[in-house]
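In: got a sequence here, can you model it:
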Amino acid sequence: MALILQIETSTISCSVSLAENGATIACKEASERNIHASSITLFIEEVMKSAGKDMSDLNAVAVSKGPGSYTGLRIGVSTAKGLCYALDIPLIAVDTLKVMASNRQVNSGNTESLLCPMIDARRMEVYTAVYDSALNEINPVSAKIIDEDSFADLLATKKIVFFGDGAEKCVETLGANANATFITTFENSASDMSAEAFDRFNEQVFEDIAYFEPYYLKDFVATTPKAV
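Out: A predicted model of the protein is given here:
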């Protein structure tokens with residue numbers, strides 16, 4: 001048996017779920033900017049209580065490793081590592097974009113279109129990758145600035161579904177292409193991590209708690225607030 005606490009904080013969504021043997025049994029989440037630090041501990045407590053489980057029952061903690069929001073990832077990974085240290089249980093890291101693609105594939109059943117999850121970065125930039133229906137990586141994970149030529153080689157012959165909180169900024173630029181479909185209501189959820197986290201637990205693919213860092217993809221850029 002594997003009882004895994006799962007944490008997803010790579011976007012504005014703050015999401016915590018509990019999975020037993022690869023099936024989600026409880027979930028608490030909210031999509032609102034800058035709530036991760038204040039909400040994640042409370043969400044963990046609510047999820048454990050609603051499932052009737054104690055923290056001592058956990059066999060592992062899984063965390064969405066990125067790419068994504070620098071602050072969100074830092075909070076999620078720090079929380080996961082702290083729990084693993086305190087409970088002496090392993091840490092599992094799952095690829096954020098691949099989990100998004102897996103969720104979309106399971107829910108749509110579409111085997112013809114390529115899948116392009118997108119996480120909003122700065123301005124016209126997104127963190128993205130392209131997968132086929134079997135979740136093979138067609139384009140590697142990258143930080144991409146979207147313009148009229150983006151994905152032109154693939155869109156010339158393939159249908160692509162763009163989704164995630166970065167997809168909306170692509171509608172105006174790529175929307176004229178008949179092979180492009182956009183889903184702007186997709187939200188990242190810790191409940192989507194269950195199958196991947198369970199597989200990694202069974203395969204004993206664990207992270208070094210002392211040295212593991214999120215996959216930020218880009219260096220953090222601090223900005224100075226404009227004077228009023």
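In: downstream of the worst-scoring helix or strand of the chain on mean pLDDT, the next helix or strand is which one?
Out: Scoring the helices and strands of the chain by mean pLDDT, DSSP states H and E places helix 96-108 at the bottom, with a mean of 89. Following helix 96-108 in sequence order, the next helix or strand is strand 114-120 (DSSP states H and E).
In: which elements pack onto that following strand?
Out: helix 96-108, strand 125-131, strand 160-163 (3 or more CB pairs under 8 Å, 6 or more residues apart in numbering; DSSP states H and E). C-betas here are computed from N, CA, C, even on glycine.
In: quick check: angle from the second one to strand 114-120?
Out: Meaning strand 125-131. 160 degrees (axes from the mean of the first three to the mean of the last three CA atoms, to 10 degrees).
In: contacting residues around strand 125-131?
Out: 66-68, 97-98, 101, 114-121, 137-146, 151, 154, 160, 164, 166, 169-170, 217 (CB atoms under 8 Å, 6 or more residues apart in numbering).
In: pull out the buried members of those.
Out: Those of the contacts of strand 125-131 that meet the buried threshold are 66-68, 97-98, 101, 114-121, 141, 144, 146, 151, 154, 160, 164, 166, 169-170, 217, by 16 or more other CB atoms under 10 Å.
In: next, the buried residues of the least confident helix or strand of the chain.
Out: 96-105.
In: any chance of those in a markdown table, with distance to residue 59 too?
Out: Conversion of those to a markdown table gives the following (distance: CB to CB, whole Å):
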| residue | distance to residue 59 |
| --- | --- |
| 96 | 22 |
| 97 | 26 |
| 98 | 22 |
| 99 | 20 |
| 100 | 25 |
| 101 | 26 |
| 102 | 22 |
| 103 | 23 |
| 104 | 28 |
| 105 | 27 |
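In: the residue nearest to residue 201 when sequence neighbours are not counted: neighbour count?
Out: Leaving aside its sequence neighbours, residue 201 sits nearest to residue 2 (CB to CB, 6 or more residues apart in numbering; 4.9 Å). For residue 2, the neighbour count with other CB atoms under 10 Å is 15.
In: okay then, goodbye and thanks.
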